[in-house]
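Novice: What would the 3D arrangement of this be:
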Amino acid sequence: MEKSLMGDARNRTAVQEFILEGFPAVQHLGKVLFLVHLLMYLASITGNILIITITRADHHLQTPMYFFLSSFSLSECCFITTVIPKLLAIFLLGRQKISFVACMTQAFVFLSLGATVFFLMAVLSLDRYMAICKPLYYPTIMNPRMCSLLVTACLVLGFSLTVVPVTKLSQLSFCGFYLLFCGPNVLSHFFCDFIALIHLSCSDTRSVEMYFFFVTSFVILLSLIVTIIAYSNIVVTILRLPSAKERQKAFSTCSSHLIVLSLMYGSCVFIYLKPKQVNRLDSNREAALVNMVVTPLLNPVIYTLRNKQVHQALRDTLSRVRLQK
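Specialist: This next block holds a predicted model:
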């Protein structure tokens, strides 16, 4: 018994840094993966910045919907930038080490921005509800001050909800007897994911897991409930419109939002709203990569390809650029 306690004490060495395992099965393709992910990252950033620029430059797009959309695009840019640059460094340079402080900071910012994005999507649903179901009250309620307050509330709520779980996570012990073959600081992920860190800990993580599950459930389910209620009313209102042309026009303003919602909820429910399972870490890692790289790339494509107003704003901007030359 005494030897066991001594062994535990030796193994409970404070971890100063973590090693991000990345994708060991394809590590030999580092340069190829670096190029692919770099191009996708740049395309995603470019697409989202394009949306922000267009909505700011064209007065036709200076409406509540596009204000929320540009806020969403900015959050997406920040969200993927917390993770992808480090992933690129792993692929190209093999720099897998990350300090304990940097790891916890990355986990906090990643979760906070993720929650903020979900709240913004719920706000976009409310905006569409007001525009379609309450058109007479829409300009009065969705004034610039209210729009700014809603975006600020999303940001504050997103960051405040993740303070406690990340603080509790940082207080856990990470020790060798839990993962004898991997070591106490080898993280089976390409970034400091909350679930991967919990699996690495040798402390009693039940309270941390419960709190994290509560927070993620609250964020995802709250935004989902708001969206379902909003779109249920929208569908009823659209079906009551007298002409097919009006119904098509009303639905076209919502279709892009619904596609993006499906992509976001699908990947996040798969990753976070399930019990702790070690054998699911690899599938989590792949799903997280899709959520981090593919979805943010598709979002600006979906919003621009399916939106005639954005098309017209792009043409007007390009015309002004040509005239200036």
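Novice: Give the closest residue to residue 106 in space, chain neighbours not counted.
Specialist: residue 192 (4.6 Å; CB to CB, 6 or more residues apart in numbering). No exception for glycine: its C-beta is placed from N, CA and C like everyone else's.
Novice: Ignore what I typed, I meant residue 165.
Specialist: residue 212 is the one closest to residue 165 (CB to CB, 6+ apart), at 4.7 Å.
Novice: Which of the helices or strands spans that neighbour?
Specialist: Using DSSP states H and E, residue 212 falls within helix 206-239.
Novice: returning to what we had before: doesn't residue 194 make contact with the residue nearest to residue 165?
Specialist: Yes: at 5.9 Å, residue 212 counts as touching residue 194 under the criterion of CB atoms under 8 Å.
Novice: picking that back up, helices or strands up against the helix holding residue 212?
Specialist: In this structure, helix 206-239 packs against helix 100-133, helix 144-170, helix 194-200, helix 244-272, with contacts taken as 3 or more CB pairs under 8 Å, 6 or more residues apart in numbering; DSSP states H and E.
Novice: Taking the centroid of this protein, which residue is nearest it?
Specialist: In the chain, the C-alpha nearest the mean C-alpha coordinate belongs to residue 114, at 3.7 Å (CA atoms, centre = their mean).
Novice: Now list whatever residues contact both of residue 212 and residue 194.
Specialist: 165, 169 (CB atoms under 8 Å, 6 or more residues apart in numbering).
Novice: so the helix holding residue 212 versus helix 144-170, what angle?
Specialist: Between helix 206-239 and helix 144-170, the angle comes out at 150 degrees (axes from the mean of the first three to the mean of the last three CA atoms, to 10 degrees).
Novice: which of the residues in helix 206-239 are buried?
Specialist: 208-209, 212-213, 215-216, 219-220, 223-224, 226-227, 230-231, 234, 237-238 (16 or more other CB atoms under 10 Å).
Novice: Quick check: mean pLDDT of it?
Specialist: Taken as a whole, helix 206-239 has a mean pLDDT of 88.
Novice: Number the residues from 490 up from this point.
Specialist: Got it, the first residue is 490 from now on, which makes the last one we talked about helix 695-728.
Novice: from the chain's centre, how far out does that helix sit?
Specialist: In terms of CA atoms, centre = their mean, to the nearest Å, the centre of helix 695-728 is found 15 Å from the chain centre.
Novice: now stretch 723-739
Specialist: Counting by CA atoms, centre = their mean, stretch 723-739 comes out at 32 Å from the chain centroid.
Novice: what sits up against it?
Specialist: Counting by CB under 8 Å, 6+ apart, residues outside stretch 723-739 touching it are 617, 618, 621, 622, 740, 743.
Novice: among the residues you listed, which ones are buried?
Specialist: Buried residues within the contacts of stretch 723-739, counting neighbours by 16+ other CB under 10 Å: 617, 618, 621, 622, 743.
Novice: Which of those scores worst on pLDDT?
Specialist: In terms of pLDDT, residue 743 ranks lowest among the buried ones among the contacts of stretch 723-739, with 72.
Novice: Now that one: closest residue in space, sequence neighbours ignored.
Specialist: The shortest distance from residue 743 to any non-neighbouring residue, by CB to CB, 6+ apart, is to residue 617 (5.4 Å).
Novice: Now do that neighbour against residue 732, distance only.
Specialist: 20 Å (CB to CB, to the nearest Å).
Novice: give me the number of residues near the residue nearest to residue 569 when sequence neighbours are not counted?
Specialist: Nearest residue to residue 569 in three dimensions, chain neighbours excluded: residue 785, at 5.1 Å (CB to CB, 6+ apart). Look at residue 785: counted by other CB atoms under 10 Å, it has 26 neighbours.
Novice: Give the other helices and strands that the helix or strand hosting residue 785 contacts.
Specialist: Per DSSP H and E, residue 785 falls inside helix 784-794. Taking 3+ CB pairs under 8 Å, 6+ apart as contact, the helices and strands that helix 784-794 lies on are helix 519-546, helix 553-570, helix 733-761, helix 797-813.
Novice: The first one: which residues count as buried?
Specialist: For helix 519-546, a neighbour-count test (16+ other CB under 10 Å) marks 519, 522-523, 526-527, 529-530, 533-534, 536-537, 539-541, 543-544 as buried.
Novice: Mind picking the two most distant members of those residues?
Specialist: Greatest spacing in those, by CB to CB: 519 and 544 (37.4 Å).
Novice: for the stretch 590-739 of the chain, what are the low-confidence residue spans?
Specialist: Residue ranges of the stretch 590-739 of the chain with pLDDT under 70: 664-673, 738-739.
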